[in-house]
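[1] Here you go, sequence then predicted model.
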Amino acid sequence: MLEKYLIEHCAPTLASIKTASLFCLPLIAERELEHQIQLWNGCFAEKGLFLTVLSRKGGRALVYVCRRAHLERDLQKRGVASFLAQYGYPCVELDAALARLKQRLGEQDGFPHEIGIFLGYPLGDVIGFIQNEGRNCKCAGCWKVYCNAHEAGKIFARYRKCREIYARLWRGGKSIVQLTVAA
């Protein structure tokens with residue numbers, strides 16, 4: 001059931017060129033969703049990936065697919081700990097930070113803007129989005145860019161190409177596990 005979502009929304013993460021991806025799906029039976037998550041986590045464990053449900057609201061589940069090593073690296077980048085501390089993150093240890101993100105998602109109707117850090121977006125762009133209230137960006141693609149538009153454009157093109165290639169290979173019979181790069 002999750003395969004189509006993984007290909008459409010997570011190809012750059014599966015290819016190990018993006019830290020993490022999100023997708024929303026209709027909330028199926030709770031036990032079935034947990035079963036699917038467990039199955040995929042079993043398949044992805046040796047590849048350095050994991051799935052978790054970040055929130056359940058309005059009959060929909062928000063699923064997060066992440067490269068653990070990439071997120072750990074991103075959380076250690078200069079400025080990230082002090083930035084996240086402003087939003088009540090006690091530390092940048094991966095499990096504690098994800099627990100706080102889940103809590104923040106439960107407290108708000110929309111997305112807490114710091115979620116960009118958890119998706120691998122540059123800190124400067126996350127801060128720029130917050131300060132500009134989503135306006136005045138230099139360009140937009142997977143995120144709104146406030147700092148290095150040239151570099152972001154190259155990244156967006158890589159992600160787009162990756163999604164195209166993965167979709168074609170998947171339609172041609174390759175499995176998600178075959179398409180997932182080991183970390």
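    Looks like it came in fine. Residues are numbered from 1 along each chain as shown.
[2] Please, where are all the strands along this structure?
    Secondary structure of the chain, counting by DSSP state E: strands at 20-26, 49-57, 60-67, 139-140, 144-145.
[3] Against which helices or strands is the last one packed?
    This means strand 144-145. Where contact means 3 or more C-beta pairs under 8 Å, 6 or more residues apart in numbering; DSSP states H and E, strand 144-145 is packed against helix 123-131. C-beta coordinates here come from the backbone N, C-alpha and C atoms, glycine included.
[4] do that again at 10 Å, thanks
    Applying 3 or more C-beta pairs under 10 Å, 6 or more residues apart in numbering; DSSP states H and E, one finds that strand 144-145 contacts helix 123-131, helix 149-171.
[5] who's in contact with it?
    Where contact means C-beta atoms under 10 Å, 6 or more residues apart in numbering, the residues beyond strand 144-145 that reach it are 116, 121-122, 124-126, 128-129, 132, 134-139, 151-153, 155-156.
[6] Parallel or antiparallel, which strands does that strand pair with?
    Using DSSP bridges, strand 144-145 pairs in its sheet with strand 139-140 (antiparallel).
[7] will you turn the helices and strands packed on strand 144-145 into a markdown table that also has mean pLDDT and mean neighbour count?
    Below are the helices and strands packed on strand 144-145 laid out as a markdown table (pLDDT from 0 to 100; neighbours: other C-beta atoms under 10 Å):
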| stretch | mean pLDDT | mean neighbour count |
| --- | --- | --- |
| helix 123-131 | 98 | 18 |
| helix 149-171 | 98 | 15 |
